[in-house]
Every structure is written in structure tokens, then in C-alpha cells.
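Visitor: one predicted model, sequence on top.
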Amino acid sequence: QVQLVESGGGLVQPGGSLRLSCAASGSRFSINAMGWYRQVPGKERELVATITGSGSTNYANSVKDRVTISKDDAKNTVYVQMNSLKPEDTAVYYCYAFYWNGVQYREVWGQGTLVTVSS
């Protein structure tokens, strides 16, 4: 079983930057892809960015010019650097991982970290 621990959320002013981190831990797993999604109360969870094991990235159109996703394979950690933040970026950000546990592919979500963009 893989667990995800997120960090880096908080309050930031409009135009500011924030970096979220998500570390995966467990035994006998191989990450195929990790990513970040976000959710605002009353709305569906939406993609922010994903990165595959080979390093291919995918970004939501709403953030692709302001967000960079990266990973550290040695630490099983994914990061998302968010710049030029806007009030509409306020949401709970969830980390996601798709992994192989030696028997089957599984997916797991983090507990979420709140990002508030406000002056």
C-alpha cells in the first residue's frame, strides 16, 4: 500500500508563488505517474498537472503557463511550482499516484492541502 503526504499549501497573495510537494511511501511499488488535482467546494475535482515515470508532463490549459511539475525519483516525490497565482487558484490540492505494486496497478490520493490566494 502506498501513502502520499502532501505539503506546501497555505495563504499566498495574488501574483505570488507556491510550491507543493508530495512524497510517496510504502513497500514494493513502482510509480507510473503522479500528479496534482484541485477541487473547489461544489465543483468537480480537476486536473492541474501530471508527470509520468518517463518524465512526460500534462497541464491543464488554465495553468500551463504558470505551473511546472517535476519529480525526484530517488525520493518518490513530485513537486508543482505555481507562479502568478490568482484568486481563482484557491482550492484544495490533491496529490495522485498511479503505481504498480508487483501484482496490479493501483491508484492513491493524498489527503489534500489547502491553497488560498488572497490579499
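Guide: Done, it's in.

Visitor: and the residue positioned nearest the centre of the chain, bridged to which residues?
Guide: By C-alpha atoms, centre = their mean, the chain has its centre lying nearest to Trp36, at 2.5 Å. In this structure, Trp36 bridges to Ala49, Cys95 when assessed by DSSP bridges.

Visitor: next up, the contacts around it.
Guide: Trp36 sits next to 20, 22, 48-50, 69, 78, 80, 93-96 when contact means C-beta atoms under 8 Å, 6 or more residues apart in numbering. Glycine gets a C-beta too; all of them are placed from N, C-alpha and C.

Visitor: just Glu6 next, same as before
Guide: Listed by C-beta under 8 Å, 6+ apart, the contact partners of Glu6 are 20-22, 93-95, 110-113.

Visitor: for those, which one is nearest Leu11?
Guide: Leu11 has its nearest neighbour among those in Thr113, at 12.0 Å by C-beta to C-beta.

Visitor: for the nearest residue to the closest one once chain neighbours are set aside, give its distance to Ala91.
Guide: Excluding the flanking residues, the one nearest Thr113 by C-beta to C-beta, 6 or more residues apart in numbering is Gly9, at 3.3 Å. Per C-beta to C-beta, to the nearest Å, Gly9 is found 10 Å from Ala91.
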